[in-house]
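[1] Fold the following, please.
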Amino acid sequence: MKEIDWAKKIAKRLDEELKKISECFHAEPSKKLIYANEVFQYTSHNDIASKERKHDYRARDFETDILIYESNGDSWKPRIVIETKMKRITTHDVITYSKKSENHKYVHPYLRYGIFIGNRVGIPGRLVRHGNEFDFMISYIKELPSANEWGKTMEVIHSEIEASKNIEEKLYSNKKVKKTFILHRPLVTY
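    Below is the predicted model:
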């Protein structure tokens, strides 16, 4: 099976599972997500600090393998990006995906980022070594996950959605939210 077809199959299954939680959550393959806004110029008559400032900019985007997002009427918010690979992942792949993660998180600081690898026994050391921008890494022994692998995957997805919402709340609702005194990102392995 081609990676794109595998990503579509996994996204469909994720979407079905997410609908059980809420109709607001969706998983979609090949959805584009902005990673940068390049400003070409500012108009000279607007104060840079003004809320009404105008400037000429262009959004840049990458196509994601799988995007999990939350919709609310006509708007949507990205929650998790999942890169997908089959069997083999090179050091170059890992470095490239890690950089994409960094770029996406710069624009969406509450975004979570992970990778699914199919037909691979275990997470390779190069992924741990160079995948510092990944929040989670999941490797399936076969092409499609076993019931146990899928159950653990959904636990991770649920926790990553909550982490995304929690980070967003801390970043943008800080006047209303109780201040935290500890933020801890544990390492969990199965």
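
[2] separation between the residue nearest to the spatial centre of the chain and Arg120?
    Nearest residue to the geometric centre of the chain (CA atoms, centre = their mean): Val81, 2.4 Å. Distance check for Val81 against Arg120: by CB to CB, to the nearest Å, it reads 20 Å. (C-beta placed from N, C-alpha, C; glycine too.)

[3] Tell me which stretches of the protein form helices.
    Secondary structure of the chain (DSSP state H): helices at 3-21, 91-107, 125-130, 147-172.

[4] would you list those in a markdown table and tack on distance to Lys179?
    Formatted as a markdown table, the helices of the chain follow (distance: least, CB to CB, whole Å):
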| stretch | distance to Lys179 |
| --- | --- |
| helix 3-21 | 29 |
| helix 91-107 | 23 |
| helix 125-130 | 33 |
| helix 147-172 | 9 |
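
[5] Reformat those helices into JSON lines and put distance to Leu187, mean neighbour count and mean pLDDT next to each item.
    Listed next are these as JSON lines, based on distance: least, CB to CB, whole Å; neighbours: other CB atoms under 10 Å; pLDDT from 0 to 100:
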{"stretch": "helix 3-21", "distance to Leu187": "24", "mean neighbour count": "17", "mean pLDDT": "96"}
{"stretch": "helix 91-107", "distance to Leu187": "17", "mean neighbour count": "17", "mean pLDDT": "95"}
{"stretch": "helix 125-130", "distance to Leu187": "10", "mean neighbour count": "14", "mean pLDDT": "94"}
{"stretch": "helix 147-172", "distance to Leu187": "13", "mean neighbour count": "15", "mean pLDDT": "95"}
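
[6] Of all the ones you listed, which one is nearest Leu33?
    For those, proximity to Leu33 was assessed by CB to CB; helix 91-107 is nearest, at 6.0 Å.

[7] So Ile82 versus Asp93, what's the distance?
    Using CB to CB, we find Ile82 at a distance of 14 Å from Asp93.

[8] Contacts only, for Thr84.
    By CB atoms under 8 Å, 6 or more residues apart in numbering, the contact list for Thr84 reads Glu3, Trp6, Ala7, Ile10, Asp65, Ile66, Ile115, Phe116, Ile117, Gly118.

[9] No more questions from me, cheers.
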